[in-house]
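K.L.:
generate a structure from the sequence data that follows.
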Amino acid sequence: MALFTVDQALCNGDGLCAAECPMMIVQMTEGTPTPARGAEKMCIHCGHCVSVCPTGALTLASLAPSDCLEVKKELSLSPAQAEQFLRSRRSIRNYKKAPVDKALLEEAIRVASHAPSGHNIQPVRWQVIYDTDKVKELCGHVIDWMRWMIKEQPETAKKLHLDLVVAGWDFGMDTINRNAPHLILVHADKRNPMGQAACTIGMSYLELMLPSLGLGGCWNGFFNAAAIFWPPLQKALNLDEKTGNYGAMMVGHPKFAYPRMPPRNTPKVTWE
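P.N.:
As a prediction, the model looks like this:
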(Lines give C-alpha, C1' and ligand atoms only; values in the text may rest on other atoms or scores of the structure.)
Protein backbone atom coordinates (compact mmCIF):
# COMPACT_ATOMS: atom_id res chain seq x y z
CA MET A 1 0.00 0.00 0.00
CA ALA A 2 1.26 3.49 -0.87
CA LEU A 3 2.51 5.67 1.99
CA PHE A 4 -0.04 8.32 1.09
CA THR A 5 -2.60 9.13 -1.57
CA VAL A 6 -3.63 12.49 -2.95
CA ASP A 7 -7.12 13.47 -4.10
CA GLN A 8 -6.29 15.42 -7.25
CA ALA A 9 -9.71 17.07 -7.22
CA LEU A 10 -8.90 18.66 -3.86
CA CYS A 11 -5.14 19.25 -4.10
CA ASN A 12 -4.26 22.89 -4.86
CA GLY A 13 -0.53 22.20 -5.29
CA ASP A 14 0.54 24.66 -2.58
CA GLY A 15 3.33 22.33 -1.39
CA LEU A 16 2.58 22.85 2.31
CA CYS A 17 2.76 19.11 2.97
CA ALA A 18 6.27 18.94 1.52
CA ALA A 19 7.40 22.07 3.36
CA GLU A 20 6.08 20.85 6.72
CA CYS A 21 7.22 17.22 6.64
CA PRO A 22 9.82 16.94 9.45
CA MET A 23 11.52 14.01 7.71
CA MET A 24 11.52 15.82 4.34
CA ILE A 25 10.13 12.78 2.54
CA VAL A 26 7.31 14.52 0.68
CA GLN A 27 8.34 16.05 -2.63
CA MET A 28 6.42 18.01 -5.23
CA THR A 29 6.40 16.41 -8.68
CA GLU A 30 4.75 18.56 -11.33
CA GLY A 31 2.68 20.23 -8.63
CA THR A 32 1.61 16.99 -6.95
CA PRO A 33 2.88 15.61 -3.60
CA THR A 34 4.74 12.31 -4.04
CA PRO A 35 6.77 10.17 -1.61
CA ALA A 36 10.52 10.56 -1.82
CA ARG A 37 12.66 7.49 -2.24
CA GLY A 38 12.66 5.42 0.95
CA ALA A 39 9.80 7.45 2.40
CA GLU A 40 7.95 4.39 3.71
CA LYS A 41 10.86 3.50 6.00
CA MET A 42 11.50 7.05 7.19
CA CYS A 43 7.94 8.21 7.86
CA ILE A 44 7.20 8.66 11.57
CA HIS A 45 3.43 9.02 11.01
CA CYS A 46 3.27 12.32 12.91
CA GLY A 47 0.40 13.55 10.74
CA HIS A 48 1.95 16.92 9.85
CA CYS A 49 1.20 16.46 6.15
CA VAL A 50 -2.43 15.58 6.82
CA SER A 51 -3.01 18.29 9.41
CA VAL A 52 -1.44 21.14 7.40
CA CYS A 53 -3.33 20.49 4.15
CA PRO A 54 -6.08 23.15 3.97
CA THR A 55 -8.20 21.15 1.51
CA GLY A 56 -7.90 17.68 3.09
CA ALA A 57 -6.41 16.29 -0.11
CA LEU A 58 -3.69 14.11 1.40
CA THR A 59 -4.36 10.83 3.18
CA LEU A 60 -1.64 8.82 4.90
CA ALA A 61 -1.98 5.05 4.89
CA SER A 62 -2.20 5.34 8.69
CA LEU A 63 -4.18 8.59 8.94
CA ALA A 64 -7.02 10.20 7.04
CA PRO A 65 -8.23 13.81 7.38
CA SER A 66 -11.50 12.43 8.77
CA ASP A 67 -9.56 10.85 11.66
CA CYS A 68 -8.45 14.28 12.88
CA LEU A 69 -10.19 16.88 15.01
CA GLU A 70 -10.83 20.12 13.17
CA VAL A 71 -9.16 23.19 14.70
CA LYS A 72 -11.92 25.58 15.79
CA LYS A 73 -10.75 29.17 15.68
CA GLU A 74 -13.43 30.20 18.14
CA LEU A 75 -11.74 28.02 20.78
CA SER A 76 -8.32 29.61 20.29
CA LEU A 77 -6.94 31.37 23.36
CA SER A 78 -6.04 35.02 23.35
CA PRO A 79 -2.69 35.91 24.99
CA ALA A 80 -4.55 36.97 28.13
CA GLN A 81 -6.54 33.71 28.20
CA ALA A 82 -3.40 31.67 27.62
CA GLU A 83 -1.64 33.47 30.46
CA GLN A 84 -4.51 32.80 32.84
CA PHE A 85 -4.72 29.17 31.71
CA LEU A 86 -1.03 28.62 32.49
CA ARG A 87 -0.62 30.83 35.54
CA SER A 88 -3.81 29.71 37.29
CA ARG A 89 -2.42 26.19 37.53
CA ARG A 90 -1.67 25.38 41.17
CA SER A 91 0.01 22.40 42.81
CA ILE A 92 -2.89 20.97 44.79
CA ARG A 93 -2.04 19.58 48.22
CA ASN A 94 -5.52 19.50 49.81
CA TYR A 95 -8.14 17.18 48.38
CA LYS A 96 -11.72 16.18 48.97
CA LYS A 97 -12.21 12.60 50.09
CA ALA A 98 -14.55 11.73 47.21
CA PRO A 99 -12.97 9.55 44.52
CA VAL A 100 -12.75 10.80 40.96
CA ASP A 101 -14.95 9.23 38.31
CA LYS A 102 -12.74 6.93 36.23
CA ALA A 103 -14.12 8.48 33.05
CA LEU A 104 -12.61 11.85 34.03
CA LEU A 105 -9.18 10.32 34.61
CA GLU A 106 -9.41 8.48 31.31
CA GLU A 107 -10.28 11.74 29.55
CA ALA A 108 -7.36 13.58 31.17
CA ILE A 109 -4.93 10.85 30.13
CA ARG A 110 -6.40 10.70 26.63
CA VAL A 111 -5.70 14.37 26.07
CA ALA A 112 -2.30 14.22 27.79
CA SER A 113 -1.26 11.34 25.53
CA HIS A 114 -1.18 13.83 22.64
CA ALA A 115 1.94 15.43 24.11
CA PRO A 116 4.89 15.48 21.71
CA SER A 117 7.60 12.85 21.76
CA GLY A 118 10.82 12.49 19.79
CA HIS A 119 10.20 10.95 16.34
CA ASN A 120 6.56 10.51 17.39
CA ILE A 121 7.64 7.30 19.12
CA GLN A 122 5.04 7.77 21.90
CA PRO A 123 6.90 5.71 24.54
CA VAL A 124 4.83 6.79 27.57
CA ARG A 125 2.95 4.11 29.51
CA TRP A 126 0.38 5.26 32.07
CA GLN A 127 -0.40 3.51 35.34
CA VAL A 128 -3.34 4.62 37.48
CA ILE A 129 -3.35 3.63 41.13
CA TYR A 130 -7.07 4.17 41.61
CA ASP A 131 -7.85 2.28 44.82
CA THR A 132 -7.22 4.59 47.78
CA ASP A 133 -6.15 1.74 50.05
CA LYS A 134 -3.64 0.65 47.41
CA VAL A 135 -2.34 4.21 47.24
CA LYS A 136 -1.75 4.20 51.00
CA GLU A 137 -0.06 0.80 50.83
CA LEU A 138 2.34 1.99 48.15
CA CYS A 139 3.05 5.20 50.05
CA GLY A 140 4.08 2.96 52.95
CA HIS A 141 6.88 1.67 50.72
CA VAL A 142 8.00 5.27 50.21
CA ILE A 143 8.20 5.71 53.98
CA ASP A 144 10.25 2.50 54.21
CA TRP A 145 12.65 3.94 51.67
CA MET A 146 12.89 7.14 53.71
CA ARG A 147 13.67 5.21 56.88
CA TRP A 148 16.45 3.44 54.99
CA MET A 149 17.76 6.78 53.72
CA ILE A 150 17.77 8.25 57.23
CA LYS A 151 19.87 5.32 58.42
CA GLU A 152 22.16 4.76 55.44
CA GLN A 153 22.42 8.23 53.86
CA PRO A 154 21.76 10.64 56.73
CA GLU A 155 23.23 13.74 55.06
CA THR A 156 21.01 13.43 52.01
CA ALA A 157 18.03 12.55 54.19
CA LYS A 158 18.64 15.65 56.29
CA LYS A 159 18.72 17.92 53.26
CA LEU A 160 15.39 16.49 52.11
CA HIS A 161 13.87 16.70 55.62
CA LEU A 162 12.92 13.05 55.42
CA ASP A 163 12.87 12.77 59.20
CA LEU A 164 10.00 15.28 59.34
CA VAL A 165 8.12 13.47 56.59
CA VAL A 166 8.42 10.15 58.40
CA ALA A 167 7.47 11.71 61.74
CA GLY A 168 4.33 13.18 60.18
CA TRP A 169 3.44 9.79 58.70
CA ASP A 170 3.92 8.10 62.06
CA PHE A 171 1.64 10.73 63.59
CA GLY A 172 -1.11 9.75 61.18
CA MET A 173 -0.64 12.40 58.49
CA ASP A 174 -0.43 11.52 54.80
CA THR A 175 2.87 13.28 54.12
CA ILE A 176 3.39 11.42 50.83
CA ASN A 177 0.20 11.73 48.78
CA ARG A 178 -1.49 14.53 50.76
CA ASN A 179 -4.74 12.57 51.06
CA ALA A 180 -5.25 12.59 47.31
CA PRO A 181 -7.38 9.54 46.48
CA HIS A 182 -5.43 8.54 43.38
CA LEU A 183 -1.94 8.37 41.87
CA ILE A 184 -1.05 8.51 38.19
CA LEU A 185 2.38 7.27 37.11
CA VAL A 186 4.26 7.40 33.82
CA HIS A 187 6.74 4.75 32.73
CA ALA A 188 8.97 4.13 29.74
CA ASP A 189 11.63 1.70 28.62
CA LYS A 190 14.95 2.69 30.23
CA ARG A 191 16.72 1.84 26.97
CA ASN A 192 14.77 4.50 25.09
CA PRO A 193 16.78 7.76 25.22
CA MET A 194 13.60 9.77 24.60
CA GLY A 195 11.50 8.03 27.24
CA GLN A 196 12.15 10.26 30.24
CA ALA A 197 11.59 13.53 28.36
CA ALA A 198 8.39 12.19 26.79
CA CYS A 199 7.09 11.13 30.22
CA THR A 200 7.86 14.54 31.69
CA ILE A 201 6.08 16.36 28.86
CA GLY A 202 3.12 13.97 29.02
CA MET A 203 2.77 14.45 32.77
CA SER A 204 2.92 18.24 32.29
CA TYR A 205 0.08 18.00 29.79
CA LEU A 206 -1.88 15.93 32.30
CA GLU A 207 -1.46 18.50 35.06
CA LEU A 208 -2.60 21.29 32.75
CA MET A 209 -5.64 19.32 31.62
CA LEU A 210 -6.89 18.42 35.10
CA PRO A 211 -8.41 21.83 36.09
CA SER A 212 -10.69 21.85 33.04
CA LEU A 213 -12.24 18.66 34.43
CA GLY A 214 -12.68 20.07 37.93
CA LEU A 215 -9.61 18.19 39.16
CA GLY A 216 -6.21 19.06 40.52
CA GLY A 217 -2.82 17.43 40.78
CA CYS A 218 0.64 17.78 42.22
CA TRP A 219 3.91 16.12 41.22
CA ASN A 220 4.77 13.52 43.84
CA GLY A 221 8.54 13.78 43.94
CA PHE A 222 8.96 11.56 46.99
CA PHE A 223 6.99 8.74 45.37
CA ASN A 224 8.87 9.11 42.10
CA ALA A 225 12.25 9.00 43.86
CA ALA A 226 11.30 5.87 45.77
CA ALA A 227 10.03 4.24 42.58
CA ILE A 228 13.46 4.84 41.06
CA PHE A 229 15.62 3.71 43.97
CA TRP A 230 13.59 1.34 46.19
CA PRO A 231 13.25 -2.25 44.87
CA PRO A 232 10.27 -3.20 47.10
CA LEU A 233 8.23 -0.35 45.59
CA GLN A 234 9.35 -1.27 42.08
CA LYS A 235 8.16 -4.82 42.73
CA ALA A 236 4.85 -3.60 44.11
CA LEU A 237 4.37 -1.53 40.94
CA ASN A 238 5.29 -4.50 38.74
CA LEU A 239 8.18 -2.58 37.20
CA ASP A 240 10.73 -4.86 35.60
CA GLU A 241 14.42 -3.99 35.25
CA LYS A 242 13.87 -2.51 31.78
CA THR A 243 11.06 -0.14 32.83
CA GLY A 244 11.67 3.17 34.56
CA ASN A 245 9.22 5.34 36.45
CA TYR A 246 9.61 8.92 35.26
CA GLY A 247 6.84 10.70 37.06
CA ALA A 248 4.15 10.40 39.72
CA MET A 249 1.21 12.70 40.28
CA MET A 250 -1.35 12.83 43.07
CA VAL A 251 -4.82 13.51 41.65
CA GLY A 252 -8.21 14.34 43.10
CA HIS A 253 -10.87 17.00 43.57
CA PRO A 254 -9.29 20.18 45.01
CA LYS A 255 -10.56 21.09 48.44
CA PHE A 256 -10.04 24.82 47.91
CA ALA A 257 -10.13 27.36 45.06
CA TYR A 258 -7.44 29.91 44.26
CA PRO A 259 -8.76 33.35 43.22
CA ARG A 260 -5.31 34.88 42.64
CA MET A 261 -2.18 34.13 40.62
CA PRO A 262 1.06 35.02 42.45
CA PRO A 263 3.95 36.51 40.48
CA ARG A 264 7.24 34.72 39.94
CA ASN A 265 10.79 35.99 39.60
CA THR A 266 11.57 38.02 36.50
CA PRO A 267 12.94 35.57 33.93
CA LYS A 268 16.69 35.67 33.34
CA VAL A 269 17.17 35.79 29.59
CA THR A 270 20.35 36.02 27.56
CA TRP A 271 20.01 37.35 24.02
CA GLU A 272 22.72 36.35 21.56
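
K.L.:
longest helix of the chain?
P.N.:
helix 132-152 (DSSP state H).

K.L.:
and that helix, how far out from the chain middle?
P.N.:
25 Å (CA atoms, centre = their mean, to the nearest Å).

K.L.:
who touches that helix?
P.N.:
99, 129, 156-157, 160, 162-163, 165-166, 169, 174, 176-177, 180-183, 222-223, 225-226, 229-230, 232-233, 236-237 (CB atoms under 8 Å, 6 or more residues apart in numbering). (C-beta placed from N, C-alpha, C; glycine too.)

K.L.:
Asn245 bridge partners, please.
P.N.:
Note on Asn245: beta-bridge partners by DSSP bridges are His187.

K.L.:
all helices of the protein, in order?
P.N.:
Using DSSP H, helices in the chain cover 16-20, 39-42, 48-52, 79-87, 102-112, 132-152, 154-159, 162-170, 195-209, 221-229, 231-236.

K.L.:
just list the residues touching the residue most central in space within the chain, thanks.
P.N.:
Nearest to the geometric centre of the chain sits Gly202, at 1.3 Å (CA atoms, centre = their mean). Counting by CB under 8 Å, 6+ apart, Gly202 touches 112-113, 115, 117, 124, 186, 247.

K.L.:
and it, how far is that from Phe171?
P.N.:
35 Å (CB to CB, to the nearest Å).

K.L.:
just Leu104 next, same as before
P.N.:
Distance from Leu104 to Phe171, by CB to CB: 32 Å.

K.L.:
more neighbours: which of the two?
P.N.:
Leu104 (15 against 8; other CB atoms under 10 Å).

K.L.:
not counting residues beside it along the chain, what's closest to the more buried one?
P.N.:
Closest residue in space to Leu104, ignoring its immediate chain neighbours: Leu213 at 5.0 Å, by CB to CB, 6 or more residues apart in numbering.

K.L.:
hmm, that neighbour is touching Glu107, no?
P.N.:
Yes. Assessed by CB atoms under 8 Å, Leu213 is found in contact with Glu107 at 6.4 Å.

K.L.:
wait, doesn't Ala57 sit right on Asp14?
P.N.:
No. Between Ala57 and Asp14 there is no contact, the gap being 9.7 Å when judged by CB under 8 Å.

K.L.:
of the two, who's got more company?
P.N.:
More neighbours surround Ala57 than the other of Ala57 and Asp14, with 21 against 16 (other CB under 10 Å).

K.L.:
any idea how far Ile109 is from that one?
P.N.:
From Ala57 to Ile109 the distance is 33 Å (CB to CB).
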